[in-house]
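> structural data only, the sequence is not supplied:
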C-alpha cells in the first residue's frame, strides 16, 4: 500500500464522460514521480530507492501455503467475508500475544490490502463536510482517500526541532472541531520513522474518550521497530469499545506488498457494519491469498526479525555514509520503518534535490513534497534492501555532494 | 460477487462505538438466509443450491498460471495499479473480438472482484442526494452498495406477463429525475436470467445521450448466454465517450468466484480518475491472481463453453422435472445465467416457500424477496451443477409438492 507512483492515463481532449463524474473524483490528483521515472529511463545504472517496498521476494513458506490452498481447490467464496476463520483466529491470538491484551476475533476484519483497510475506516466514519485531522508528513494516499469519501483532509505538521521530529499534541487537538470525525497518523511513520510514544497514544485515546473523535492509527510498520519487538500501539491501550481503528497488513513485515492483504482492528460493535461494508464494497479476499497470510502470521516471526534487521542495517549503513557529509541535513535516526530521510543544506525544494541526486548520483529517491509541506525539503530513501546496495547508493550520494 | 448470505456479527448491548459511525452505514442491512442455513444444519442430506456459485473448482491451467507466477517471485507491487499490462492488453483483445468493436486497453480497469467494480462505478458517480434507478429483481448487493455511497436506490420492477419477465423502458425512464446519476441492471440477470435485447440496450444508450444519465450494465453472466456466444452487451453499441460502464469479472464464466478478480470497462476519459480511485481505494490486485485471469482470458474458451453447457443442462434438467408439477409456476426458460426461478401456486411468500422446500424436499433455495418485491413469490435455484444433482433436487421438489 505504499507505492507513491503510478502511471496515469492522460485525460483526453474531449472529456465528455469525465465531465459527468463526481466533482470530488474530478479533483482527485495522482501525484507521482513520473517525471523522475521518465528521466531515469534515459540514464543507465540507476539505483531506484523511491518505492516503499523492500527487495525480498515473499518467503517460500508463505508462497507454498498459497499454492497448497490452490492445489486443494480453495477457489470458492469464503463464507465469512470478514476473513477465513483460521486466519481471523490466528490474528486474534497474534495480536493478543503481541499487545498483552485480549483482542478477540470479532475485532479484526480482513481486507484486500492495507489501502482498503484505510478506505473502509474512512467510509465507515466520514460524511460530506466532515474532516479528518492527520499528522504530516504523511503517505499521500491518506489525504486523497479522505478526499474520495468526501471529507476535508486537515494536516498538522510534526515539528522539526533539535534534529528530530516532534508531535505537538495541543496543536493537533486544537485543529479538531465539531465536524472532525477522526485523527489519523502512521506509527512508525511513513516517511519519517517517527514513532508515537505510549504516552502520546494514551493522550490521544483520552482525547477521543472526551470528544467522541475517532483515532485511526496506521500501524503497517508496527513490527519494524528498532527499539522493541513492536512499536507502541493503540491496541495495547484501547478498550473494546474505544473509538480506535488500527490499520495493518502483511505488506511490510512479511514482504507481501503484492499480495494485497491487510486487516482493520476495530471496536466490537462495528464488526457488523464492517461485515456489511465488506460484503457491499469488496466481498472479501481470496482463500488462497489468506492461506498465505495465515502462514505468515503463524510461522513468520523469524522472517519478521530478518526484515526488521535488514531495515536497521540499511539505516545504519546510510547514516554511516551520510553523517559525515557537510551538505546533508540528517535527522536523528528513525525509531522504525523502512526509510531514511534527509535534506540538502540550502535546498528547500525536494523536487530539485531529487533531480540533482538522480542525475549526479544515479540514485532515485522520493521527494518529500509528496508527503506534505512539512517535508518539502526532505528526501526519502527506502533502505529495506541489501546492505551493499544501500552502501553503494549512499557512497554515490556522498560523492555527488562533494563529500 | 454473488453470495447472498454472510454470517454477520451480532450487535452488542452497549454499542458505544457503533453510535459514532456514519448514519448510512448504521442503516446498512445484511440480508441473508442465515435463518434457513441454521435450520439446514439440523437436517441431514440437504442439497444447497442457494448460493450463486457453481460446483467446479477453477481449472488447472488457471491455477497453474497463478502458481507459476508465485514461483517466479511476482510478489511485488504491480506498477500500473489499473492492471498487469499483459492482462489489460489481453482483455482489450478479448473484448474487441467478442463485441466486434475496438475496445482499447485504456477503457478497462482491473478490480479486486466484480463487487469492487460495482462499487468503483458508484463511487465515481454518486453523491449524497443522488439516486440510481435499477431494474428489479436484482442481486441485493447492488441496492446496498448504492446506499453505502450515499445514494437512493430506486427500483423499477420487471413485469411478469405471459409467463415471462418484461422490461418497461418507459416506466424505467419515467423514474429518472434531475438527481438520477445512473440506470443500472444486470444482463443476463441475477436471479432471473432475463436478458436485455440489443434494441433495449440501444434505447438505453440513446436515453443516456439525451439526458446525461449513466448506464451501468452488470455483465458478469454475459458469457453464460443460451442463445449466442455472449448476451447482447452495451459494449457492442457504446462509443468511447458514451456514459456507459460495464461491470464484469472472472467469477462466473471461468469458475473463479473465490479469486476476487473483476474489471470495469468505461469511457476513455474516466481512465485517469479510475486510476486515482484504484490507487486510493484498493491499490490494485495481486500479480499472481491477475496471472490466473490472464490464463483464463487467453486459454479459457473451451472451459467457458463447458460452464455455459453445464448451466444450460441444469436449466433443461430442472425444467423437465418441474414443468409437469401443477403447483409450480414456471416462467419461460431463462435466456442465460446460472439460475432457474419458479414460484409455488398460491404462495406469495418466498420465505415460507423456501422453508417448506427445505424441510420437505431437503433442497436449499434462495428466497426471491432478497432480490426485491417483484420476485417476492419466487425461489432461485443455482443450476451450474452436476446434472445428476439438479435432477435429484428437482425430483425431490416435485415429490414434496405432490406431483
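Thanks, I have the structure now. Since we're looking at a predicted model, the values are computed, not measured. Numbers count the residues shown, from 1 in each chain, chains lettered A, B, ... in the order given.

> show me where pLDDT drops low in the stretch 101-250 of chain A?
Under the criterion pLDDT under 70, no range of the stretch 101-250 of chain A is flagged.

> which residues of it lie near chain B?
By the rule CB under 8 Å from any CB of the partner chain, the part of the stretch 101-250 of chain A lying against chain B is A:106, A:112-116, A:119, A:123-128, A:141, A:144-145, A:147-148, A:150, A:212, A:214, A:241-243. Every C-beta, even on glycine, is put in place using the N, C-alpha and C of the backbone.

> keep only those of these that are in strands.
Using DSSP state E, the subset of those located in strands is residue A:214.

> show the buried residues in the residues of the stretch 101-250 of chain A next to chain B.
Buried members of these, counted by 16 or more other CB atoms under 10 Å in any protein chain shown: A:106, A:112-116, A:119, A:123-127, A:141, A:144-145, A:147-148, A:150, A:214, A:241-243.

> all strands for the stretch 1-150 of chain A, in order.
A:47-48, A:108-111, A:131-136 (DSSP state E, counting those that start in this stretch).

> can you redo the ones you listed as a markdown table with distance to residue A:390 and mean neighbour count?
Converted to a markdown table, those look like this (distance: least, CB to CB, whole Å; neighbours: other CB atoms under 10 Å in any protein chain shown):
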| stretch | distance to residue A:390 | mean neighbour count |
| --- | --- | --- |
| strand A:47-48 | 9 | 18 |
| strand A:108-111 | 32 | 27 |
| strand A:131-136 | 26 | 24 |
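
> what's the first helix or strand after the longest helix along chain A?
If you go by DSSP state H, chain A has its longest helix at helix A:301-322. Once the chain leaves helix A:301-322, the next helix or strand it forms, by DSSP states H and E, is strand A:328-329.

> average pLDDT for that next one, rounded please.
For strand A:328-329, the mean pLDDT works out to 96.

> can you list the strands that it pairs with?
Sheet pairing here is set by DSSP bridges, and for strand A:328-329 it gives strand A:339-344 (antiparallel).

> mind listing residues that contact the strand it pairs with?
A:52, A:190-193, A:314-315, A:318-319, A:322, A:327-331, A:334, A:350, A:353, A:356, A:368, A:375, A:377-383, A:401 (CB atoms under 8 Å, 6 or more residues apart in numbering or on different chains).

> can you tell me what sits against the following helix or strand past it?
Sequence-wise, the next helix or strand downstream of strand A:339-344 (DSSP H and E) is helix A:350-361. Under the criterion CB under 8 Å, 6+ apart, residues A:33, A:36, A:39-40, A:43, A:46, A:343-344, A:347, A:363-369, A:375-379, A:393, A:396-397, A:399-401 lie in contact with helix A:350-361.

> quick revisit: gap between the longest helix of chain A and the chain center?
Mean-position distance between helix A:301-322 and its chain equals 18 Å (CA atoms, centre = their mean, to the nearest Å).

> could you identify the buried members of the contacts of strand A:339-344?
For the contacts of strand A:339-344, buried by 16+ other CB under 10 Å: A:52, A:190-193, A:314-315, A:318-319, A:322, A:328-331, A:334, A:350, A:353, A:356, A:368, A:375, A:377-383, A:401.

> hang on, the earlier thing: list the buried residues of the longest helix of chain A.
Here helix A:301-322 shows A:303-304, A:307-308, A:310-319, A:321-322 as buried, counting by 16+ other CB under 10 Å.

> JSON lines for the strands of the stretch 1-150 of chain A, including distance to residue A:63?
As requested, the strands of the stretch 1-150 of chain A are exported to JSON lines (distance: least, CB to CB, whole Å):
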{"stretch": "strand A:47-48", "distance to residue A:63": "24"}
{"stretch": "strand A:108-111", "distance to residue A:63": "19"}
{"stretch": "strand A:131-136", "distance to residue A:63": "35"}
